[in-house]
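Trainee: Using only what follows, build the 3D model:
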Amino acid sequence: MKEVILYTDGACKGNPGPGGYCCILKYGEREKVLSGGEANTTNNRMELTAVIEGLKALKERCAVSVYSDSKYVVEAVEKGWAEGWRANGWRKADKKPALNVDLWEQLLNLLSRHAVTFSWIKGHDGQEYNERCDRTAVAEAEKFTE
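Mentor: This next block holds a predicted model:
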């Protein structure tokens with residue numbers, strides 16, 4: 001199985017507001033950068049979209065190491081919260097509706113196709129790929145404010 005590294009980030013100008021995402025896929029020496037945005041979204045939606053778009057770009061089953069500065073995404077997957085929300089009809093432990101259900105559905109389906117591990121990294125801490133993702137995500141968000 002191919003081993004891929006996926007760096008992701010999302011940004012939002014206001015929350016909600018114009019948003020952008022970026023992901024960088026690394027396979028050996030090769031890199032692929034994907035990015036985009038929406039005129040009216042949230043930071044969490046852009047963080048989720050970055051991971052989804054990265055995983056969607058893979059053409060075969062891969063071992064994927066995801067690096068994200070979003071505790072929302074990383075903890076919801078690693079601690080099993082997202083699976084629990086789905087099992088409970090998209091309700092959280094406090095019985096309130098889960099947010100971003102459309103994106104969580106997509107992500108959970110993609111996770112079942114690959115062997116994925118998530119690692120949280122501190123944002124704005126000098127990590128080269130996180131910084132690149134952040135700059136690109138912010139630039140994508142700014143396209144909607146011009």
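
Trainee: so where do the strands sit in the chain?
Mentor: Assigned by DSSP state E, the strands in the chain fall at 2-12, 17-27, 30-41, 62-68, 115-120.

Trainee: Check which helices and strands the longest one sits against.
Mentor: Using 3 or more Cβ pairs under 8 Å, 6 or more residues apart in numbering; DSSP states H and E as the contact criterion, the neighbours of strand 30-41 among helices and strands are strand 17-27, helix 43-56, helix 128-142. The way it works is simple: take the backbone N, C-alpha and C, and place the C-beta from them, glycine included.

Trainee: Output the ones you listed in JSON lines; the columns should cover mean pLDDT, mean neighbour count and distance to residue 79.
Mentor: Converted to JSON lines, the helices and strands packed on strand 30-41 look like this (pLDDT from 0 to 100; neighbours: other Cβ atoms under 10 Å; distance: least, Cβ to Cβ, whole Å):
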{"stretch": "strand 17-27", "mean pLDDT": "98", "mean neighbour count": "24", "distance to residue 79": "22"}
{"stretch": "helix 43-56", "mean pLDDT": "98", "mean neighbour count": "24", "distance to residue 79": "16"}
{"stretch": "helix 128-142", "mean pLDDT": "97", "mean neighbour count": "19", "distance to residue 79": "21"}
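
Trainee: Let's have those in TSV, adding distance to residue 83.
Mentor: Listed next are the helices and strands packed on strand 30-41 as TSV, based on distance: least, Cβ to Cβ, whole Å:
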stretch	distance to residue 83
strand 17-27	22
helix 43-56	15
helix 128-142	26
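
Trainee: Compare the ones you listed and give me the one nearest residue 5.
Mentor: Nearest to residue 5, of all the helices and strands packed on strand 30-41, is strand 17-27, at 4.3 Å by Cβ to Cβ.
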